[in-house]
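>>> here is the input, now give the coordinates:
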Amino acid sequence: MRVVLASSSPSRLAVLRNAGIEPDVRTSGVDEDAVVADLPTDRRDPEAVVQALALAKARAVAEELADPEAVVIGGDSMLLIDGELQGKPHTEEETVRRWLHQRGKTAELLSGHAVLRGTARYTEVSRSRIHFAVASDRDIRAYAHTGEPFGCAGAFTLEALGGWFIDRVEGDPSGVLGLSLPVVRRALASFGLPVSAAWNRV
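Residues are numbered from 1 along each chain as shown. Now for the predicted structure:
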């Protein structure tokens, strides 16, 4: 089975590799702001936003491939904190600002998934609760200076340096990394495919 990851996220790629899949990696080039702007104003709730972005990315890559047998996986993650969706920080200053706001708080990480195969489609949003540590100003600035959290939902990477500042996670562990294995398993099952058919690193 050909599995195509419509994402440049190192975390999503690592999830699939550790689960026995070496996917083709394609970036979609989707204009995320345009996708959100095209949503009707009454359908811009947090789940709808991450789901629309995941689907747009998967569709763009699937159309480019034109391979009806390929399984294309698109994903998008955002942090929902204090009722507002947070995108990905891209600068040291923005990362520090985010962490000064979220330290000691609990938030939800929403990960939208869109899995396509030919004309078949499976979409689902996984939710996980993140309990942030009360990180010190010094550690926050040091973490931001590494650049590691740039481009990461929630301004952290659970599997690397950011793991020092996450006290607890409730929910799907792989979903926190941006790609839920249970969701992908359910998607494959909806296409009549066993998970083991996708393994190519075992």
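>>> okay, now the unreliable bits of this structure?
Across the chain, the ranges flagged by pLDDT under 70 are 202.
>>> run a quick neighbour tally on Leu188.
21 (other CB atoms under 10 Å). Backbone N, C-alpha and C define where each C-beta goes, glycine included.
>>> likewise Trp164?
Number of residues near Trp164 (other CB under 10 Å) recorded here: 11.
>>> got the contact list for it?
Applying CB atoms under 8 Å, 6 or more residues apart in numbering to Trp164 gives the contacts Ala133, Ala135, Asp139, Tyr143.
>>> cool, Glu148 as well?
Counting by CB under 8 Å, 6+ apart, Glu148 touches Thr157, Ala160, Leu161, Gly162.
>>> those in strands, which ones?
Using DSSP state E, no member of the contacts of Glu148 falls in strands.
>>> what element comes up after the helix or strand hosting Thr123 heading to the C-terminus?
Assigned by DSSP states H and E, Thr123 falls within strand 120-132. Where DSSP H and E defines the elements, the next helix or strand beyond strand 120-132 is helix 137-146.
>>> could you identify the most distant pair in the contacts of Glu148?
Thr157 and Leu161 (6.8 Å; CB to CB).
>>> ok, the two, which is more surrounded?
Thr157 (22 against 14).
>>> wait, what's in contact with that one?
Residues in contact with Thr157 (CB under 8 Å, 6+ apart) are Ser11, Glu148, Pro149, Gly163.
>>> swap in Leu5?
Leu5 touches Arg12, Leu13, Leu16, Pro23, Asp24, Val25, Arg26, Ile73, counting by CB under 8 Å, 6+ apart.
>>> report the distance from the longest helix seen in the chain to the chain centre.
Ranked by residue count, the top helix of the chain under DSSP state H comes out as helix 46-65. Taking CA atoms, centre = their mean, to the nearest Å, one finds the center of helix 46-65 at 12 Å from the center of the full chain.
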